[in-house]
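> predicted model follows, preceded by the sequence.
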Amino acid sequence: MPSFDRNQSNVGPSATPSVTAAALSIRPRTYSQHQSPLFRKLSGELRNSVYEYALGSPSCLMHIIPTGAETQDELATTSFGHRRCDDHGSKSLWPNYSEHPGYPTWQHTCFGQWSKVNDGRAGGGRHHATASNDGLISLVFNCRRVYLEAIPVLYLENIFNFQRVSVLNAWNARLPSWQWQNIRHIHISTLFQELDWRSNVLLGPEEMEDWILCCGHLEQLRNLRTLQIELQIWHGCLRWESEHGPWDISDKTLLRILGPLRSVSAKSFMVELNVPGNPDLERTLCTFGEFPFTACVRERKHLRGPFNQCQLIVYSLPRVLT
């Protein structure tokens with residue numbers, strides 16, 4: 001069947017065969033990179049050590065940040081950047097850090113900064129982190145051979161941190177499966193709310209469908225070395241909670257949230273819960289059956305007061321906190 005160009009009317013005369021052949025023959029000279037000192041003088045083991053030193057960090061979180069999404073729906077089409085954590089314990093944000101150490105990771109200033117708008121209210125501005133803001137991606141894409149050798153190290157030797165599981169789900173959808181399978185360390189910091197006593201459902205900020213999907217993605221990682229999840233669970237009475245801290249969280253809420261984690265495994269699997277008022281958490285979890293993780297209770301203070309909206313978890317969360 002003959003083919004045609006829909007835009008043929010806008011295309012000028014085609015080049016003569018001789019000109020076309022000449023144009024196709026003019027290509028930049030390529031090299032195999034074997035002449036590079038990196039490959040000529042360093043063994044594979046030494047090159048791998050260089051990649052690990054340059055690309056990996058065994059102790060610093062690598063935040064995965066959506067660069068253009070302000071709503072939940074926009075996550076499906078947004079681009080993603082990365083940012084190494086430079087806000088250990090949120091010291092730069094909290095003047096009373098010595099009194100309240102250890103704020104939730106989802107409130108790190110690495111994810112976004114607040115600024116004042118003209119009317120005096122607190123307005124938000126996000127870091128527009130790019131994939132090359134620290135040179136990591138530039139190094140990986142230096143040449144094809146470096147890419148093939150270094151890209152696995154990028155996923156093997158970093159602790160990927162996600163603020164909300166919906167971000168993890170959207171990022172996972174962009175990755176080739178082999179890159180996802182190379183990940184060895186994941187850290188998630190997120191927020192749930194107590195079950196609504198009327199509808200018996202979790203009323204965000206984290207959606208249960210996203211949480212179950214995230215657990216399914218984590219289940220695929222059979223070589224996961226470390227998995228740490230910070231679960232902050234707020235009682236439904238947010239006005240009371242904002243002044244006095246979280247109320248006791250029901251066992252039913254805990255089971256609903258922790259249940260999907262039964263199928264996830266990692267060599268080191270820690271779930272941190274902020275459920276103050278429940279000193280018998282270990283006994284409570286035993287009544288649910290076996291879990292593949294170690295649970296601990298740690299009450300973390302979170303930002304309220306002058307900032308009535310969470311400055312870091314955007315998307316659907318502000319509608320809950322206002």
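Structure received.

> every contact and neighbour count from this point should use C-alpha atoms.
OK.

> and the helices in the chain, which stretches?
Counting by DSSP state H, residue ranges of the helices within the chain are 17-25, 37-40, 44-55, 136-140, 144-156, 165-174, 177-182, 208-219, 238-244, 251-258, 281-288, 318-321.

> between these, which gets nearest to Q232?
Checking the helices of the chain against Q232 by Cα to Cα gives helix 251-258 as the closest, at 11.0 Å.

> could I have the CA atoms of that closest one written out in PDB?
Output of helix 251-258 as PDB, limited to C-alpha atoms (Å, rounded to 0.1, in the frame of the first residue of the first chain):
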ATOM      1  CA  ASP A 251      -6.300  -1.500  67.000                       C
ATOM      2  CA  LYS A 252      -8.600  -1.700  64.000                       C
ATOM      3  CA  THR A 253      -6.800   1.300  62.300                       C
ATOM      4  CA  LEU A 254      -3.400  -0.300  63.000                       C
ATOM      5  CA  LEU A 255      -4.400  -3.600  61.500                       C
ATOM      6  CA  ARG A 256      -5.900  -1.900  58.400                       C
ATOM      7  CA  ILE A 257      -2.700   0.000  57.700                       C
ATOM      8  CA  LEU A 258      -0.200  -2.700  58.700                       C
END
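
> sorry, back to before: for the helices of the chain, give me JSON lines that also has mean pLDDT.
Listed next are these as JSON lines, based on pLDDT from 0 to 100:
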{"stretch": "helix 17-25", "mean pLDDT": "43"}
{"stretch": "helix 37-40", "mean pLDDT": "74"}
{"stretch": "helix 44-55", "mean pLDDT": "87"}
{"stretch": "helix 136-140", "mean pLDDT": "76"}
{"stretch": "helix 144-156", "mean pLDDT": "88"}
{"stretch": "helix 165-174", "mean pLDDT": "92"}
{"stretch": "helix 177-182", "mean pLDDT": "94"}
{"stretch": "helix 208-219", "mean pLDDT": "94"}
{"stretch": "helix 238-244", "mean pLDDT": "44"}
{"stretch": "helix 251-258", "mean pLDDT": "83"}
{"stretch": "helix 281-288", "mean pLDDT": "74"}
{"stretch": "helix 318-321", "mean pLDDT": "25"}
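
> nearest to W106, out of these?
helix 165-174 (11.3 Å).

> count the residues that sit near Y147.
Counted with other Cα atoms under 10 Å, the neighbours of Y147 add up to 16.
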